[in-house]
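[1] What would the 3D arrangement of this be:
(one chain, ligands or ions: 1)
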Amino acid sequence: MRAHALLSASGAHRWLNCTASARLEENMEDTYSSYAKEGTLAHALAEAILENDTLTIQKLKTNELFYTGMVDEVEDYTSYCLERFNEMLVRDPNAIMEIETRLNLTKYIPNGFGTGDCIIIGDGLLEIIDLKFGKGVEVSPENNPQFMLYALGALEEFGFLYDIDKVRMTVAQVRLQGIQSFDMKVKDLKEWGEKVVIPKAKEAYSGGSDPCPGSWCGFCKFKAKCKKRSEFLQSQIKKYKDYELSLEDISNILNISKDIQSWLSDIEANALDEALRGTNIPGYKLVEGRSNRKIADEEGLINALLLEDYKEEQIYKPKAIETITNLEKLVGKKHFTEISKGFVVKPEGKPTLAPESDKRPAINTIENEFDFN
Ligand code: SF4
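    Below is the predicted model:
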């Protein structure tokens, strides 16, 4: 796993908005999901591909989280990096590309550092390309403090060697939305660093002001214990005068339902964790959860059934094809797209409610189609 600073670039959106969070979560354990481990493996693979290090690539392929399609996915990022670098070399023969560079952020953040996945510099432009392997949350590069901090760190590292007036922050979210970029003038970026980052980082480093809840709470390790978050979310639930919720009331509840749901699951997960450590949660006890029976000796059971004259076709499940995701992992995304042409279709999705800001177009309901007003 990559090391994390107290005020990490990846957590900047959180601690810039809630300066108290840095110290509040400081001593809380990191829980690394298998997704995070998969991301670390993807980064190592990307680095080895960009450095043409076949020995490391072979070694990484033996990792239990590796799957064939991973190379394809990572290559969407590495090919983009190489394409951008080659384009830059045409414009500027002195262009450079740096991989997995440790960036010193101490000018802006006490003890701050970060890692630039890929940095390309040439022709007055500095481009930071960040590989994101997650497929849960879309990450936009627009005014994204994580990438802006990486860019500031890269300017500190290389700014004195090259004439740079523009930075491009690119996120390669290879398993979700592809590649997106956001440009900024160096002057504006440095102004943000001095006027926003330095004072907020100083405040956060020394304990911060009152916790300030918001969408960033989901990325805070203190989230299940935070009173301010709890008070804030509860204050969002209005007291209603009428017996029946109006459409407006329903819309307001929908607006906060995801935050409330994740807050409740955080509270439940934390309570279980505490109970497992021996803490007594008033009114609750640990019990054995429901479990399903499972076959401990498959061969023994099959033989016993055959001896009773049951037929194989009665005992065995019919052969079934693997899921598309698993087949894609097996064959590789690009190749699977080629060979599955005509065999795989995408049926219309079930209607689902989404906020108006959602990128998907609204679907017409029968009522809408006949609405002539
Ligand atoms: S849960 Fe939210 S409000 Fe509480 S400390 Fe963390 S970021 Fe701040």
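
[2] Ala172 pairs with what?
    Beta bridges link Ala172 to Leu131, Ile179 when assigned by DSSP bridges.

[3] so it sits right up against Ile179, yeah?
    Yes: counting by Cβ atoms under 8 Å, Ile179 is a contact partner of Ala172 at 5.0 Å. Heads up, the C-betas are built off the backbone N, CA and C, glycines and all.

[4] With neighbour numbers in mind, choose between those two.
    Ala172 (27 against 15; other Cβ atoms under 10 Å).

[5] now the more buried one: how far from Thr78?
    Distance of Ala172 to Thr78, computed by Cβ to Cβ, to the nearest Å: 9 Å.

[6] related to what we said a few turns ago, now the common contact residues for Ala172 and Ile179.
    Contact with both Ala172 and Ile179 is made by residues Asp76, Tyr80, according to Cβ atoms under 8 Å, 6 or more residues apart in numbering.

[7] quick one: terminal-to-terminal distance for stretch 285-303?
    42 Å (Cα to Cα, to the nearest Å).

[8] ditto for stretch 6-20
    Its first and final residues considered, stretch 6-20 spans 12 Å by Cα to Cα.

[9] contacts for that stretch?
    Contacts for stretch 6-20 (Cβ under 8 Å, 6+ apart): 4, 21-23, 26, 105, 109-112, 114, 144-146, 149-150, 153, 196-197, 200-201, 203-205, 207-214, 216-217, 219-220.

[10] ditto for stretch 199-214
    6-7, 15-24, 108-110, 112, 226-229, 232-233.

[11] Buried subset of those residues as a ChimeraX selection?
    Here is the ChimeraX command that selects the buried residues among these (16 or more other Cβ atoms under 10 Å):
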select :6,7,15,16,17,18,19,20,21,22,23,24,108,109,112,226,228,229,232,233
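
[12] Return the subset of the contacts of stretch 199-214 lying in helices.
    Secondary structure assignment by DSSP state H places Trp15, Leu16, Asn17, Ser21, Ala22, Arg23, Leu24, Lys227, Lys228, Arg229, Phe232, Leu233 of the contacts of stretch 199-214 in helices.

[13] Keep these, but drop any that are not near the ligand.
    Restricting the ones in helices among the contacts of stretch 199-214 to those adjacent to the ligand (criterion: Cβ under 6 Å from any ligand atom) gives Ser21, Leu24, Lys228, Arg229.
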